[in-house]
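Asker: Please find the sequence and the predicted model below.
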Amino acid sequence: MQYKLIRLFSLMCLLLLPFLMQAQDVSNRSSLFRQASKEYTSLKYVSAIRLLERILKAEPDQIEAKEMLANSYRKIKNYERAAYWYEQLSKAPDVKSEWALSYAEVLANLQDYTGSDHWYEQYLKPVASDARAAEFANVYPVVGTFMDDRRSWKISYTSLNTAASEYAPTFYNNGLIFSSNRSLAKLSKHVFQWDQTPFTDLYYVDQLADIKDVDPDSVLKAARSNVVRSKKVYRDNDDDTYQTSNDSRVLGTLNPVLNRDTLGEVLSLDTKVKPVQGFVNSKYHEGPAVVLPDGSLLFTRNNYQKGKASRSQEGINKLKLYTALAPAWDQVEAFGFNSDEYSTGHPAINKAGTILIVASDMPGGFGGVDLYYCQRTDAKSLWSKPVNLGSLVNTEGDEMFPTISQDSILFFASTGHVGLGGLDIFQIGLEGLNPHGKPINLGYPVNSSVDDFGIARSEDGNNGYFTSNRRGSDDIYSFVHKDFQIKVKGLVVDAKDNQPLASVLIGIKAGNKTLTHHTDHNGSFSTELSKKSAYEISALKEGHGAQQISLSTNGIFADTTLTVFFKLDKSTLSCDSLKQQLSSFVIHYDLDKSFIRADASKVMGRLALFLKQNPGVDVIAASHCDSRASDTYNIGLSLRRSQSAKRYLIAKGINADRIKIEYFGENKLLNKCLDDVKCPEPLQQLNRRTEFYLNLEGTDIRDINCSQLQ
């Protein structure tokens, strides 16, 4: 009986064994996934990748693991593997909008701009309000324009670089300060688990002359052939063995690339790099810095001071700004607007030390990281609260690594303005605290399909340094920029006898801006033109007809002089007679109406006839209201009046392109009939009007001093 029970028990165990093993396997996979998720949320992407690859080998359809793996590869800038896993995610029944956005960005990093456009369009379907993505969805047709200025730049890999990262250069005395996580000469237990590299410190080179331009591939080839001055044999150390803590100078696992830094060893023979002095460098990250006018160093560091590290409520050690006081940089003070809950760093300063621009992901911005400005009255007073630089600079993406050049140009890196991929470097005009104009992409070869950022430009603007990871890690490159000029030279002569005409008014119009010049006694003029612009150039002289010529500087990328030639006929149409016409071309309206009255139609008929007889003259219809009704209503009413006048002239045979409209509501009253002022109807009637102004070959006749045309 006992024997039968044993046999029965054994049989039951055999039957249950597959189920027990399956349950154990499920438990193991569940444990592995929890471990991978913990590494991922702790920003330890390299460790997370190893675990997630194992999970997906066992469970190929695990969507959450695919998502974390794609994002992890993107975070460590392995764009090929990231693209592979985003492609796998794109085949899922429900594609998340953030997958589409990340896939589009990664494809741009890989220079697949057609594919990138497609996935931006897919992202925009559920997120139509994202203006940045809408611009990027049409980037492919304009990518070529980023190559236009390439002949003006010469860039070179510098001897500052190693197999690790070197980035964010800034000028210091006669040398350069920069950030690097190069391998340490002593044992360290501190490894940045994001990509398993050491934390970055600040370093400097005494003299810019010590920084050499090099060809890294040639240096490596020579080193491996032992053709170097030291006659040392450099080893590649690529033996396909798994990385262990014994392979590096850290207690823990270090990225194996840093353990075979042949290039860094060779370049360090000629370029001596030293850690900055004082109490600046710590066991955490020290990053972008700037030297203040008093010699103090304003720098970026993880939230760590006086031996204590602090974290946000989410458990993340954010970035903060600190000042190491001059002269020894051995006393460190925290920036007054740091926070444990968001990052602030990447300082840029004006010459006087009174304007500070920083990057921060503080709440209330336009996107991920925005640029903010602070100000102070002098170099010893406290900084004001950071203020967002606004939508001309900031986007739904990230704006960071600012620098101020000549107190008039702001350089910054952005993922939000249209570029070649990753961070691109842009410039925008700066008037005090106010950006103006549109950000300009510096284009290729400064920018590439990956991250380009952290530019330091010399005072004359002709050379400097910037950062790019186009070779796989962040490296510092030098640049030389030789700008080109586009000029226009012109000659104006009398059409009858070909004699040069002096004192001819030359109008050079681009967009809404017109500059004026005069011909000299030889009938000549010359001026510089802007790049990538369309111009209308007009010649106007009393007693002669006017003439206009169109030209463009698009497609010009080298020093160029354009020539124009005007032949002006004698004319009875004079500047003074045109100005006298202005007072006769005015019409009036009934209260709250915009139709052309019978008395107004007579004036309009004379105006139409005048325009037909003088095809070189265009017209502006500027309409107004009296003060009755609200400001908003009157703006709309004046617009309808200008539109009515334009339709009337078109019906009389005047080309619509010759008729511009303006509308001012009640903002330009001719008398004192303001709101709530009782005025007789004849005075109110004077304000309900359309005035017609004449444009002669692109120049408003009101802006012309007729005496200058004599």
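Answerer: Structure received. Just so it is clear, the model here is predicted, and its values are computed rather than measured.
Asker: Low-confidence bits of this protein, can you list those?
Answerer: 1-29, 139-141, 184-196, 226-260, 512, 571-583, 615-616, 696-699, 702-710 (pLDDT under 70).
Asker: Please enumerate the helices of it.
Answerer: 2-41, 45-58, 63-75, 79-90, 97-109, 113-124, 131-136, 216-224, 262-267, 575-582, 598-613, 631-651, 681-687 (DSSP state H).
Asker: how about a markdown table for these, with distance to V450 added?
Answerer: Where C-beta positions appear, they are placed from N, C-alpha and C, glycine not excepted. Formatted as a markdown table, the helices of the chain follow (distance: least, CB to CB, whole Å):
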| stretch | distance to V450 |
| --- | --- |
| helix 2-41 | 23 |
| helix 45-58 | 17 |
| helix 63-75 | 12 |
| helix 79-90 | 8 |
| helix 97-109 | 6 |
| helix 113-124 | 13 |
| helix 131-136 | 16 |
| helix 216-224 | 16 |
| helix 262-267 | 19 |
| helix 575-582 | 58 |
| helix 598-613 | 57 |
| helix 631-651 | 49 |
| helix 681-687 | 61 |
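Asker: CSV for these, including mean neighbour count?
Answerer: Output for those, formatted as CSV (neighbours: other CB atoms under 10 Å):
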stretch, mean neighbour count
helix 2-41, 12
helix 45-58, 18
helix 63-75, 22
helix 79-90, 19
helix 97-109, 23
helix 113-124, 20
helix 131-136, 19
helix 216-224, 14
helix 262-267, 20
helix 575-582, 15
helix 598-613, 15
helix 631-651, 18
helix 681-687, 14
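Asker: T519: which of those helices is closest?
Answerer: T519 lies closest to helix 575-582 among the helices of the chain, at 16.1 Å (CB to CB).
Asker: Let me know whether G665 touches L637 as I believe.
Answerer: Yes. Taking contacts as CB atoms under 8 Å, G665 lies within contact range of L637: 7.4 Å.
Asker: what is in contact with the two at once?
Answerer: Listed as contacting both G665 and L637 by CB atoms under 8 Å, 6 or more residues apart in numbering are C625.
Asker: For H518, which non-adjacent residue is spatially closest?
Answerer: Counting by CB to CB, 6 or more residues apart in numbering, S503 is the residue found nearest to H518 once chain neighbours are left out, at 5.4 Å.
Asker: and D294, how many neighbours does it have?
Answerer: D294: 11 surrounding residues under other CB atoms under 10 Å.
Asker: quick one: contacts for it?
Answerer: Counted by CB under 8 Å, 6+ apart, D294 has contacts 326, 353, 379.
Asker: between those residues, which has the most around it?
Answerer: Highest neighbour count within the contacts of D294, by other CB under 10 Å: G353, with 18 neighbours.
Asker: for that residue, phi and psi?
Answerer: phi 80, psi 20 (degrees, to the nearest 10).
Asker: returning to that earlier point: do you know which of the helices of the chain lies nearest R311?
Answerer: If we rank the helices of the chain by CB to CB, the stretch that ends up nearest is helix 2-41, at 13.4 Å.
Asker: sorry, back to before: of all the contacts of D294, which comes closest to T690?
Answerer: G353 (54.0 Å).
Asker: show me the contacts for P386.
Answerer: 337, 344, 358, 360, 362, 372-374.
Asker: Tell me where the stretch 451-600 of the chain has strands.
Answerer: Remark: strands assigned in the stretch 451-600 of the chain by DSSP state E, counting those that start in this stretch are 452-457, 463-468, 475-481, 486-494, 505-510, 513-518, 524-529, 534-540, 547-552, 560-568, 586-588.
Asker: and the angle from the fifth one to strand 524-529?
Answerer: Meaning strand 505-510. When axes from the mean of the first three to the mean of the last three CA atoms, to 10 degrees is applied, the directions of strand 505-510 and strand 524-529 differ by 20 degrees.
Asker: Repeat that for the third one.
Answerer: Counting by the same axes, to 10 degrees, strand 475-481 points 170 degrees away from the direction of strand 524-529.
Asker: I'd like to know which elements strand 475-481 is packed against.
Answerer: Packed against strand 475-481 by the contact rule (3 or more CB pairs under 8 Å, 6 or more residues apart in numbering; DSSP states H and E) you find strand 153-158, strand 166-172, strand 463-468.
Asker: Can you give the strand pairings for that strand, parallel or anti for each?
Answerer: Paired strands of strand 475-481, with direction, are strand 153-158 (antiparallel), strand 463-468 (antiparallel) (DSSP bridges).
Asker: Out of the helices of the chain, which gets nearest to G367?
Answerer: Evaluated over the helices of the chain, closeness to G367 peaks at helix 131-136, with 7.5 Å, by CB to CB.
Asker: show me the contacts for the closest residue in space to V603 that isn't next to it in sequence.
Answerer: Using CB to CB, 6+ apart and skipping residues adjacent in sequence, the residue nearest V603 is I587, 5.1 Å away. Residues near I587 by CB under 8 Å, 6+ apart: 596-597, 599-600, 603-604, 645, 689-690.
Asker: Quick check: A608 vs K570, distance?
Answerer: 26 Å (CB to CB, to the nearest Å).
Asker: circling back: generate a markdown table for the strands of the stretch 451-600 of the chain, with distance to T197 as supplementary columns.
Answerer: What follows is the strands of the stretch 451-600 of the chain, written out as a markdown table (distance: least, CB to CB, whole Å):
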| stretch | distance to T197 |
| --- | --- |
| strand 452-457 | 18 |
| strand 463-468 | 16 |
| strand 475-481 | 14 |
| strand 486-494 | 46 |
| strand 505-510 | 49 |
| strand 513-518 | 50 |
| strand 524-529 | 48 |
| strand 534-540 | 49 |
| strand 547-552 | 49 |
| strand 560-568 | 47 |
| strand 586-588 | 75 |
